[in-house]
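Asks: structure, please.
(chains A and B)
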Amino acid sequence: MLMREVEYARPSSLEEALRILGSNDGARALAGGQTLINVMKARAASPDILVDLAALTELTAVSTGSGGLELGAMVTYAQLASSSEVEVTRPILGEVAAMIADVQVRNRGTIGGNICSNDPTNHLPPLLVALDAAMTIVGSDGERTVTAEDFFLGVYMTAVATGELLTKVTVPPPGGAGDAFAALTVGADGTCIVSAAASVTSGAARIVIGCVSATPVRATEMEAKLGGDFGEASVREAAKGLGAQLDPPGDVHASADYRRHLAEVMAVRAVLQAAERVRS
Amino acid sequence: MPPETAKTISVEINGELYEREVDARRLLVHFIRDDLGLTGTHIGCDTGNCGACTIQFDGLAIKSCMMLAVQADGAKLGTVEGLAGDGALTPLQQSFSDHHALQCGYCTPGMLMSASYLLEQNPHPTEEEIRKALQGNICRCTGYVNIVEAVKAVGEAR
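Replies: Residues are numbered from 1 along each chain as shown, chains lettered A, B, ... in the order given. Okay, here's the model as predicted:
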């Protein structure tokens, strides 16, 4: 046996899921399990109760409403990559989802699991901050909405408190924005070393760097320097100094200095590609 | 149902129904191999990297070392034993043999499950599509060239 003993439930309603999650501090939501099961095998996590969300079909829907694209927390990467609604509204989500791990993982891994685990090397946290997404969190006191910028609190920590559940991610309509994502990874689709996500409109850009801190980092100074000028020379100029403001970790894949350098390179690539997509 | 540390589950594998009591902490791959004796599904790395444990879960290719057996309650699974269920090799299996697409053979069940899943979705895959589809399966012997050729030949022969 690899895992510590654990209790398992597969509730058939959101209310029942919340009741079990609220009944024990050691209860954890189980989505696709592509992170959680592995950390349980390594005993890096030992929840007392697993609350499997698989029967909550209302969390698997992709829909478009007035608020934009609504993605249930149990929507898988494979679903994001093949959804026509994603394709016509914010195609970057499908593009990035198709880059995550491999076919088998994409068939099980979910958007909710990805962002609730908030591993700093995950692609979706910086992307969702760049897209100005909003997260809907449900608890015994009702529902609340948290912006992506306020959602990520630390390594493996988010605004979802004990007893609560992330149910939905809402991505605003593009409004003419061009979105792009650039990353250097170990191998084609392996662990991320540094990533950058950008969402550009004709007048402004949102630029977010991943893998350089516990949470995604907004490149606000670069955004301000850019204004609405997305010519290549201006973008390169605006990125200068971004790395010096960061305090990234150094590890076996890249030193802290190299990550600072990469942050500028990835930010330039993401902004230029996003600007290209605004024009086209 | 209140949370339980063990549960009786019912799973259909390769068309046959199995009902067993399992601990909630038991991995699906251990259930398939050790409880049911279907040892075609291999365990290579136990960390979700190698893909030797790939099976089909309700029609989707997944890694059975990254799921609990209790999560499969009520599901329809397909394992490598189901490919040649009637005794005759499938065209994909025959092509693996013809193209010498295996050396030690340890990764082969996972490769076959991923490749058969690909061919279901995309009957005539290109080399690039095959390589992308097999990204979650590691082979330490072949260098992949013959595996890719074996899958490609099945698509071309259709």
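Asks: what about the one helix or strand A:Leu93 maps to, average pLDDT?
Replies: Here A:Leu93, judged by DSSP states H and E, is contained in helix A:92-97. For helix A:92-97, mean pLDDT rounds to 98.
Asks: domain map for chain B?
Replies: Split into domains by automatic domain parsing, chain B comes to B:6-82, B:91-157.
Asks: interface residues of chain A facing chain B?
Replies: Contact residues, chain A versus chain B (C-beta under 8 Å from any C-beta of the partner chain): A:1-11, A:20, A:27, A:30, A:33-34, A:37-38, A:40-41, A:49-52, A:54, A:78, A:101-105, A:107-108, A:188-189. C-beta coordinates here come from the backbone N, C-alpha and C atoms, glycine included.
Asks: okay, and for chain A, where does confidence drop off?
Replies: For chain A, the stretches with pLDDT under 70 are A:1, A:280.
Asks: please parse it into its domains.
Replies: Split by automatic domain parsing, chain A gives A:7-52, A:57-171, A:178-279.
Asks: excluding its backbone neighbours, what's nearest A:Glu232?
Replies: A:Leu272 (6.3 Å; C-beta to C-beta, 6 or more residues apart in numbering or on different chains).
Asks: so the one you found sits right up against A:Ser234, yeah?
Replies: No. Shown here, A:Leu272 and A:Ser234 do not form a contact pair, counting by C-beta atoms under 8 Å, at 10.3 Å.
Asks: okay, those two: which has more neighbours?
Replies: A:Leu272 (19 against 15; other C-beta atoms under 10 Å in any protein chain shown).
Asks: helix/strand/coil for B:Ile147?
Replies: The assignment at B:Ile147 comes out as helix when based on DSSP: H, G, I helix; E, B strand; the rest coil.
Asks: all the strands of chain B, residue numbers only.
Replies: Per DSSP state E, chain B carries strands over the ranges B:6-13, B:16-23, B:54-57, B:60-63, B:76-78.
Asks: of all these, which one is nearest chain A?
Replies: strand B:60-63 (4.2 Å; C-beta to the nearest C-beta).
Asks: give me the mean pLDDT for the closest one.
Replies: Averaging the model's pLDDT scores along strand B:60-63 yields 98.
Asks: what residues sit buried inside that strand?
Replies: Residues B:61-63 are the ones in strand B:60-63 that count as buried (16 or more other C-beta atoms under 10 Å in any protein chain shown).
Asks: which one of those is nearest to B:Ala150?
Replies: Closest to B:Ala150 out of the buried residues of strand B:60-63 is B:Ala61 (17.2 Å), distances taken as C-beta to C-beta.
Asks: pLDDT at the closest residue to B:Leu83 other than its chain neighbours, what is it?
Replies: Leaving out its chain neighbours, the residue that sits closest to B:Leu83 by C-beta to C-beta, 6+ apart is B:Thr90, at 5.0 Å. If you check B:Thr90, the pLDDT there is 97.
Asks: please look at B:Thr90 and B:Val80 and confirm they touch.
Replies: No. Counting by C-beta under 8 Å, B:Thr90 stays clear of B:Val80, with 10.3 Å between them.
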